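1. Provide a 3D model corresponding to the input given below.
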Amino acid sequence: MVVATLRFMRFAKGHGTGNDFVILVDEDGSAGLSADLAAALCNRHTGIGADGVLRAVRTQALARVGEVPGIAETAHAPEWFMDYRNADGSIAEMCGNGIRVFARYLARRGLVRGNEIAFGTRAGFRTVKFGADGDVTVDMGAVSLLGPGRAVIGGTLHHGLRLSVGNPHLACLVQDRLDSFDLTSPPALDPAEFPDGANVELVRVTGPGSASMRVYERGSGETCSCGTGAVAAVAAVAHEAGLAEGSWRLTVPGGDLTVTLRATTAYLTGPAVIVAEGDLEPAWLQAAQAADASAAAD
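-> Numbers count the residues shown, from 1 in each chain. Okay, here's the model as predicted:
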């Protein structure tokens with residue numbers, strides 16, 4: 001049973017193109033973060049409200065407690081690890097908007113220095129670079145094209161391309177206006193194609209080098225933006241056009257992102273905004289911990 005301690009009283013709130021996060025710093029890994037507490041923090045009515053939680057833990061501390069097996073076995077492991085939870089408390093392998101916000105906050109706190117910094121994630125190491133214009137770029141790693149897939153969205157079957165950007169995606173290229181699609185309910189996926197679920201992107205090409213996207217995120221619902229989804233969307237557009245490299249402007253409900261595809265990797269560039277810092281009310285946190293402990297005991 002993992003129950004967070006009062007060390008998590010301090011928090012920050014940030015977003016990248018409207019994809020918003022609660023940020024917690026747990027340097028030595030002693031506090032832990034349960035699924036129930038993450039979900040309570042993300043609740044928009046009774047918690048802080050967010051699409052997910054970014055927990056910052058020193059990589060060596062994670063190795064000591066064995067929370068992420070093998071994380072520090074690779075030479076030159078990054079100093080910090082981004083432990084990401086979706087709004088429902090489930091673990092996600094990677095978050096492209098989140099890691100930019102994560103980097104911005106750690107730099108603001110003086111916990112990292114320099115313009116180019118590597119971080120650990122469950123999808124592997126990712127390098128983040130701060131731009132002079134205020135935007136942040138992350139090297140997202142290679143995109144894997146996995147073949148055709150399908151989903152039922154709003155009662156209608158849609159075909160798309162299955163991809164991995166460290167986490168699973170189905171990108172569906174569509175001709176209709178994106179606001180005509182119903183994303184109030186989770187798209188129905190084929191478990192044989194997506195045994196662990198997936199993020200589903202609806203993508204519409206809007207011009208040369210530009211496209212727009214809506215996304216339903218596994219564990220969070222429809223969000224204003226999704227970084228890994230943006231890369232998956234552009235990779236699907238490029239694949240359809242027979243292109244291996246290039247740069248695209250992608251418009252999401254929360255703003256604009258730039259995705260650059262290269263032969264061996266992809267880069268995601270966009271804003272990373274820290275909105276506020278504050279303290280959790282001790283009574284709220286104690287109640288959340290008690291509910292967490294009770295649920296774990298059942």
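
2. and residue 238, that's in a helix?
-> Yes. Residue state for residue 238 (DSSP: H, G, I helix; E, B strand; the rest coil) corresponds to a helix.

3. isn't residue 264 right up against residue 142?
-> Yes. Between residue 264 and residue 142 there is a contact at 5.9 Å, judged by CB atoms under 8 Å. C-beta here means a position set from N, CA and C on the backbone, and glycine is covered the same way.

4. More neighbours: which of those two?
-> Counted by other CB atoms under 10 Å, residue 264 and residue 142 do not tie: residue 142 has more neighbours, with 13 against 8.

5. which element is the more buried one on?
-> Residue 142 is part of no helix or strand when elements are defined by DSSP states H and E.

6. Just give me the neighbour total for residue 265.
-> For residue 265, using other CB under 10 Å, the count is 14.

7. Count the neighbours of the closest residue to residue 155 other than its chain neighbours for me.
-> Counting by CB to CB, 6 or more residues apart in numbering, the nearest residue to residue 155 once its immediate chain neighbours are dropped is residue 182, at 7.7 Å. When neighbours are defined as other CB under 10 Å, residue 182 has 11 of them.

8. what about the protein, any weak spots by pLDDT?
-> Counting by pLDDT under 70, the low-confidence segments of the chain come to 1-8, 65-66, 69-75, 296, 298.

9. And the helices in it?
-> The residue ranges that make up the helices of the chain, judged by DSSP state H, are 35-42, 59-65, 96-108, 227-241, 282-297.

10. Can you say which of these is nearest to residue 207?
-> helix 227-241 (11.3 Å; CB to CB).

11. domains for the chain, by residue range?
-> According to automatic domain parsing, the chain comprises the domains 6-139+273-297, 144-264.

12. how far does the shortest one stretch from start to finish?
-> So that's domain 144-264. The stretch domain 144-264 measures 10 Å between its terminal residues, going by CA to CA, to the nearest Å.

13. if I read this right, residue 36 contacts residue 290, doesn't it?
-> No. At 10.7 Å, residue 36 does not count as touching residue 290 under the criterion of CB under 8 Å.

14. More neighbours: which of those two?
-> More neighbours surround residue 36 than the other of residue 36 and residue 290, with 21 against 11 (other CB under 10 Å).

15. Could you list which residues are in contact with that one?
-> Residue 36 makes contacts with 89, 288, 291-292, 295-296, as judged by CB atoms under 8 Å, 6 or more residues apart in numbering.

16. and if you look at residue 215?
-> Shown in contact with residue 215 (CB under 8 Å, 6+ apart): 199-202, 222-223, 225-226, 229, 233, 252.

17. quick one: which of these is most hemmed in?
-> If you rank the contacts of residue 215 by neighbour count (other CB under 10 Å), residue 226 sits at the top with 35 neighbours.

18. No more questions from me, cheers.
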